[in-house]
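Participant: Pasted the sequence and its predicted model underneath.
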Amino acid sequence: MSDMPITPPVDRIDYRRRQKIGRIVQRLVILISAILLTAYVLAPVSWLVSSAFQTETEIVSIPPHWIPEHPTLRNFEAIFTAGNDEPVTYETRSGTDPAAGDFIPSTAENLLPSMANSLIVATLVVILNLLVGVPAAYAIAKIRFWGRNASVYFILITRVIPDIALVVPFFLVIRKLGMLDTLGSLVITYLAITVPFTVFILIQYFEGLPDELDKAARVDGCSRFQALIKVFLPLSMPSLVAVVLFTFLTSWNEFLLALMFTQTSASQTLPILLASFTSDFTVSFSFLNAAGVLAVVPPVIVAIVFERYIVSGLTAGAVKG
């Protein structure tokens with residue numbers, strides 16, 4: 001009798017089978033949800049890229065063509081050659097059939113200069129944001145001084161206030177400084193928006209680093225500034241990259257303040273110019289989508305370059321110890 005195999009109970013077999021089926025169902029649900037979410041997120045971007053290579057007739061056709069039947073680079077050529085042809089007037093526009101893809105908005109020649117303005121503003125804001133935010137975060141995190149906690153709360157309060165509530169105060173200050181319709185007005189106002197976020201993120205990260213590192217650097221003869229540069233900055237690279245990415249994208253995409261403080265093409269940024277394409281006499285969807293593709297290229301390049309730091313940087317300081 002001792003050689004007889006032991007058969008597991010039927011209830012245990014059914015439980016294991018149900019458990020296995022449950023895991024399979026759970027994975028299928030997660031997979032289907034991920035596919036649906038990915039399709040939902042990527043569908044607008046896919047249509048933007050696809051329609052940039054279509055003619056106007058193909059874009060407005062029903063049903064829409066997700067894959068261009070006759071791909072063309074004409075829309076991008078129009079961007080880089082805008083302004084080289086005869087001036088666009090109401091008479092020339094009214095005689096042009098938008099469905100043929102020949103229609104070019106009157107402000108098309110300002111597209112590349114506005115992109116350069118956006119790039120200049122975003123770069124300056126990133127640099128100045130780091131120069132101001134990094135020392136401030138290090139001081140609050142590692143130096144014990146009177147009013148330290150109040151400083152942290154004050155920084156958090158500034159981010160609770162919506163940007164629309166700051167438009168009038170910003171406008172009055174910029175006007176008093178005589179900086180209306182300049183890139184400098186955008187740099188100043190964007191810093192007021194991005195620096196609090198930078199300081200808050202870096203405070204959390206610096207506080208997660210051991211105080212012994214700071215003390216050891218001071219014992220070795222480093223000043224506070226040298227300890228920051230030689231010890232803490234190399235260790236905080238993930239959080240710095242997250243800050244750079246956030247600051248660049250915020251400055252690149254900002255619309256409200258740029259609309260209020262810029263009036264001419266000399267200082268207008270890319271979001272303002274793209275919006276002007278939709279308020280012209282006729283809208284060229286193919287040209288607008290091609291311009292939109294160019295608008296997303298710089299942020300995508302920045303994200304690809306710093307991709308390996310993004311996730312770790314966004315979670316920096318979330319867990320201490």
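Facilitator: Here it is on my side, so go on. Numbers count the residues shown, from 1 in each chain.
Participant: rest of the way, CA atoms for contacts and neighbours
Facilitator: Noted.
Participant: What residues sit buried inside stretch 108-121?
Facilitator: Buried positions in stretch 108-121, judged by neighbour count with 16 or more other Cα atoms under 10 Å: 108-121.
Participant: Spell out, range by range, the helices that occur in the stretch 201-321 of the chain.
Facilitator: With helices called from DSSP state H, counting those that start in this stretch, the stretch 201-321 of the chain shows them at 211-219, 224-227, 233-235, 237-253, 256-261, 270-277, 285-305, 307-314.
Participant: looking at those helices, which is closest to residue 187?
Facilitator: Judged by Cα to Cα, the one of these that comes nearest to residue 187 is helix 237-253, at 8.4 Å.
Participant: So for the closest one, what gets flagged as buried?
Facilitator: Within helix 237-253, the residues scored as buried using 16+ other Cα under 10 Å are 238-253.
Participant: Any idea which of these the model trusts least?
Facilitator: Lowest pLDDT of those: residue 238, 81.
Participant: What distance do you get for that residue to residue 166?
Facilitator: Using Cα to Cα, to the nearest Å, we find residue 238 at a distance of 31 Å from residue 166.
Participant: go on, residue 41?
Facilitator: Distance from residue 41 to residue 166, by Cα to Cα: 31 Å.
Participant: Those two: which has the busier surroundings?
Facilitator: Neighbour tally, residue 41 and residue 166, criterion other Cα atoms under 10 Å: the higher count belongs to residue 166, 14 against 11.
Participant: Might you report the residue contacts of residue 130?
Facilitator: 198, 244 (Cα atoms under 8 Å, 6 or more residues apart in numbering).
Participant: Over the helix or strand hosting it, what's the mean pLDDT, rounded is fine.
Facilitator: Residue 130 belongs to helix 111-142 when assigned by DSSP states H and E. Averaged across helix 111-142, the pLDDT comes to 91.
Participant: How far away from the center of its chain is the helix or strand following it?
Facilitator: Moving toward the C-terminus from helix 111-142, the next helix or strand (DSSP H and E) is helix 148-160. Its chain's C-alpha centre and that of helix 148-160 lie 24 Å apart, by Cα atoms, centre = their mean, to the nearest Å.
Participant: deepest of the helices of the stretch 201-321 of the chain, which one?
Facilitator: helix 237-253 (a mean of 22; mean count of other Cα atoms under 10 Å).
Participant: relative orientation of that one and helix 111-142 in degrees?
Facilitator: 140 degrees (axes from the mean of the first three to the mean of the last three Cα atoms, to 10 degrees).
Participant: now helix 237-253 against helix 285-305, angle please.
Facilitator: Put simply, helix 237-253 runs at 160 degrees to helix 285-305, going by the same axes, to 10 degrees.
Participant: which secondary structure elements does helix 237-253 contact?
Facilitator: helix 111-142, helix 183-208, helix 285-305, helix 307-314 (3 or more Cα pairs under 8 Å, 6 or more residues apart in numbering; DSSP states H and E).
Participant: what angle separates whatever helix or strand residue 39 lives in from helix 285-305?
Facilitator: Secondary structure assigned from DSSP H and E places residue 39 in helix 10-52. Orientation check (the same axes, to 10 degrees): helix 10-52 against helix 285-305 gives 130 degrees.
Participant: Helix 10-52 - what's its average pLDDT?
Facilitator: Across helix 10-52, pLDDT averages out at 85.
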